[in-house]
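Visitor: Output the structure for:
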Amino acid sequence: MDSSKPAKVVKDVVEAAAEKVGEALSPDVPGAPGSAPPPVEEPTTPHGPLPPRPEQGAPETRTPTGAKTGAPTSANGQQGAFLTTSQGARLRDTDHSLKAGPRGPVLLQDHHLREKITHFDHERIPERVVHARGAAAHGLFTAYGGAEDVTRAGFLKKGKETPVFVRFSTVLGSRGSADTVRDTRGFATKFYTDEGTFDLVGNNIPVFFIQDAIKFPDVIHAGKPHPDREIPQAQSAHDTFWDFVSLHTEAQHHTMWNMSDRGIPRSFRMMEGFGVHTFRLINPAGATALAKFHWKPKLGVHSLIWEEAQLLGGIDPDFHRRDLYDAIEAGAYPEWELGLQVFPDTPDETFAGIDLLDPTKIVPEELAAVQPVGRLVLNRTPTNFFAESEQVAFHVGHLPPGIDVTNDPLLQGRLFSYVDTQITRLAGPNFPQIPINRPHAAVNDMLRDGFHQDAVHAGVAPYRPNSLDGGNPFTAGDDDHAFIDVPVRVAEGPKVRAHPASFDDHYSQVRLFWLSMSPVEKEHIVRAYTFELGKCYHEAIRERQLRCLANIDPVLCAQVATGLGLAAPEPTVPLADVTPSPALSQVGRDWPVDGRTIGIVVDPDGDLDGVSQLRGAVLAAGMVPLLIAPHAGMVSGMSVQHTFATARSVQFDALLLAGAPSPAPDALPVQSATAGTADSVDPRVLLLVQEAWRHAKAIGAWGAGVGVLERADVAGTPGVITGDSATGVLTGVQRLLTTHRVWARFPASVS
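Guide: Numbering: from 1, shown residues only. Now for the predicted structure:
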């Protein structure tokens, strides 16, 4: 192979493979596993590694000390056409150990066997204790301006572009758990600013279970699987969790959010993010303010319903990460606005009577508006999941000049915990030198040696002051953009293990959240509490949690008590008089439909006129059309993405019926009493329609497809659109999608 022309060789291989397979990669439907279609026969002509997929990216090539290398990101990937040892020696065989004769014992001198097995034995690292299950993407943050009055942080200056890496995660589950469990989601953003890395390590819920970090091991031990049986996995529906939160009532606010639809997001793309804590901002003049960080998704905040989450746990446990990666591949780039709630930096650190250092409290947006200061767009998926998503290391203490911490006792403990856990998980203190963690600012830290030291430090004097290295490195002043430790006055007082009296209010904001919900959201909260408490073995725990619910709202308590077959207790504290916050509800607004998936049921033997035009209209609207047919392959020149055997409602945001397909050969007659008759419809199509209707999704049909609606007994109901043309029906369905679901289909027993 001519090594001077690697790009041409790869291009030729890709084109040849595509020609042999007889198809090219479809730009319309995401999800193909490689950057080129595979040939039927094993490739044998040597060539260099195939290029990454178009939507993939990798960490910018920087040295361990932050300098640009100028090399392409592929420079960190594998090189050359031939299999080698880790030292670059080419290998002629990797399928057979070196033996003393074909049937003899394996020889200890087989260096390739020893290297290959040894590396395999050590290729796993400890998973995160919390947030183990995650997925991530690269992107770009662009500042709007407007934050200069409150912070000198350079990445927030108008027009400034900063590369980012964002990791989404669940809290309780292991790496192998499902995406769609009811749980808090992590929303961690690494800003590679030119003043040092800024890690905004947040969640999709703005409050936390506890007020003091010393209790973090307790709440996680309570939420994790029981230590004797290691069950249940990735959920809070068990005794130890509810035992803890019913006794530790400061957890009730976070628990209410978790029992709401926020606990089962529709997508990472449709999820808010919160910095949780209050931070201190410093402007160029040295004045300070307090602030909370918010991420607002462009597509709105939407959720799964409980049945969808359960189905997806079996049908597609990777649903959220697949949705994220497919959206980026399809060009429907996930987008958020970063916003700030800014408060005066008063001596008591409160706002409108709310203690800003209490991480179990929010400040309603009606009291302090969220001011947008920048836009985040995720536009590249990782090239290698382990190297990037798994090895990325966040830390709330990674702060740029202009942002500082407060005395929030949960935040203070996190400042210790993150470094401590990375040292164990990533085998030493040099984890910032892993490519995904390397800063985009010059590093001269005088830290030396240790496991995985990749920098080759020059000089002889890694200490200060020194003269042997010419005094380098020098300390920086204000004009040099030095980090600012705000000289906050610490109040004199005795050393105590205590908290301020303002932390004692555990119910007023939980009641505020409940009263801010729409009737359908309240109904879902009731069902969530009923399910989770119903999974508890001990009735005493259920009764104790009902006492907590009585202090939040009598209607909520009575509804859950009825579901559990228990008597509703009376409140033990006066019910708080609060003003609902409409901003907390997910229902009642219209949102863009970018990246929504539209399932289109087709009958290969029916009328396919207009289906191709319909696919084009779906793509033009920024959505993804997915054809559903009796069999895989092609239908009328169009590629089929799902068969009747593999399609379920949870995989689509809306359903369109372009025909009334009769039972396919693999349809079991027992599934339908009329299977095999002249007017029968494949029973799996009927199930698909009924599920979509039950999950309150928009449904459309025209021509023969209208008959399927009648067979499924959903014709003429809310959110079911019929018409004479495919594109006309699509217009009606698209309009319904802007509200996420057809909410009128959900009955609500709570007003």
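Visitor: which helices and strands does the longest strand that the chain contains pack with?
Guide: Longest strand in the chain, counting residues (DSSP state E): strand 371-382. Where contact means 3 or more CB pairs under 8 Å, 6 or more residues apart in numbering; DSSP states H and E, strand 371-382 is packed against strand 56-57, strand 134-143, strand 161-170, helix 319-329, strand 335-344. C-betas here are computed from N, CA, C, even on glycine.
Visitor: ok, and for the second one, which residues are buried?
Guide: Think strand 134-143. Gly134, Ala135, Ala136, Ala137, His138, Gly139, Phe141, Ala143 (16 or more other CB atoms under 10 Å).
Visitor: The third one too?
Guide: Applying a neighbour-count criterion of 16+ other CB under 10 Å, one finds Thr162, Pro163, Val164, Phe165, Val166, Arg167, Phe168, Ser169, Thr170 buried in strand 161-170.
Visitor: Partner strands of it, with direction?
Guide: Applying DSSP bridges to the sheet, strand 161-170 is found paired with strand 134-143 (antiparallel), strand 185-193 (antiparallel).
Visitor: Same question for the last one.
Guide: Partner strands for strand 335-344, per DSSP bridges, with pairing direction: strand 288-297 (antiparallel), strand 371-382 (antiparallel).
Visitor: Which parts of the stretch 551-700 of the chain are strands?
Guide: Using DSSP state E, counting those that start in this stretch, the strands of the stretch 551-700 of the chain run over residues 597-601, 624-629, 634-635, 638-639, 642-643, 654-657, 698-702.
Visitor: Output these as CSV; include the columns mean neighbour count and mean pLDDT.
Guide: Converted to CSV, these look like this (neighbours: other CB atoms under 10 Å; pLDDT from 0 to 100):
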stretch, mean neighbour count, mean pLDDT
strand 597-601, 25, 96
strand 624-629, 24, 95
strand 634-635, 16, 92
strand 638-639, 17, 92
strand 642-643, 18, 95
strand 654-657, 28, 97
strand 698-702, 28, 97
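Visitor: Switch those over to JSON lines; also include distance to Pro30.
Guide: Putting the strands of the stretch 551-700 of the chain into JSON lines (distance: least, CB to CB, whole Å) gives the following:
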{"stretch": "strand 597-601", "distance to Pro30": "10"}
{"stretch": "strand 624-629", "distance to Pro30": "7"}
{"stretch": "strand 634-635", "distance to Pro30": "18"}
{"stretch": "strand 638-639", "distance to Pro30": "12"}
{"stretch": "strand 642-643", "distance to Pro30": "14"}
{"stretch": "strand 654-657", "distance to Pro30": "18"}
{"stretch": "strand 698-702", "distance to Pro30": "22"}
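Visitor: Nearest to Asn466 among these would be which one?
Guide: strand 624-629 (59.9 Å; CB to CB).
Visitor: and for that closest one, what are the contacting residues?
Guide: Contact with strand 624-629 is made by 28-30, 326, 330, 332, 595-604, 611, 614-615, 618-619, 635, 638-644, 647, 651-652, 661, 688, as judged by CB atoms under 8 Å, 6 or more residues apart in numbering.
Visitor: got the contact list for the longest strand of the chain?
Guide: 53, 55-58, 136-147, 156, 164, 166, 189, 295-296, 324-325, 328-329, 333-342, 388-389.
Visitor: Could I have the ChimeraX command that selects the buried members from those?
Guide: Buried residues within the contacts of strand 371-382, by 16+ other CB under 10 Å, are selected in ChimeraX with:
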select :53,55,56,57,58,136,137,138,139,141,143,144,147,156,164,166,189,295,296,324,325,328,329,333,334,335,336,337,338,339,340,341,342,388,389
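Visitor: hey, what's the most centrally placed residue in the chain bridged with?
Guide: Residue closest to the average C-alpha location in the chain (CA atoms, centre = their mean): Phe168, at 3.1 Å. Under DSSP bridges, the beta-bridge partners of Phe168 are Ala135, Phe187.
Visitor: Does it touch His320 like I think?
Guide: Yes: contact criterion CB atoms under 8 Å: Phe168 and His320 qualify, at 7.2 Å.
Visitor: need the contact list for Val555.
Guide: Val750.
Visitor: Look up the pLDDT of it for me, please.
Guide: Confidence at Val555, expressed as pLDDT, is 97.
Visitor: Tell me the spacing between it and Pro43.
Guide: 66 Å (CB to CB, to the nearest Å).
Visitor: what's across from Asp199 in the sheet?
Guide: Lys190.
Visitor: unless I'm mixing things up, it is touching Ala188, no?
Guide: Yes: the pair Asp199 / Ala188 is scored as a contact, 6.8 Å apart, by CB under 8 Å.
Visitor: which neighbours do the two share?
Guide: Phe394.
Visitor: Glu307: neighbour count?
Guide: The number of residues packed near Glu307 is 13, by other CB atoms under 10 Å.
Visitor: next one: the one 10 residues further on
Guide: Neighbour count for Pro317, taken as other CB under 10 Å: 18.
Visitor: Tell me who's in contact with it.
Guide: So Pro317 contacts Ser177, Ala178, Asp179, Thr180 (CB under 8 Å, 6+ apart).
Visitor: Distance check, it against Asp179.
Guide: In terms of CB to CB, Pro317 sits 6 Å off from Asp179.
Visitor: okay, now Glu365: neighbour count?
Guide: 15.
Visitor: got a list of what it touches?
Guide: Going by CB under 8 Å, 6+ apart, the list of residues near Glu365 reads Gln341, Ser581, Ala583.
Visitor: Go again with 10 Å.
Guide: Taking CB atoms under 10 Å, 6 or more residues apart in numbering, we find Glu365 in contact with His294, Gly339, Gln341, Ser581, Pro582, Ala583, Leu584.
Visitor: Which among these count as buried?
Guide: Here, 16+ other CB under 10 Å leaves His294, Gly339, Gln341, Ser581, Leu584 buried among the contacts of Glu365.
Visitor: where does the stretch 101-250 of the chain dip in pLDDT?
Guide: Of all residues in the stretch 101-250 of the chain, none has pLDDT under 70.
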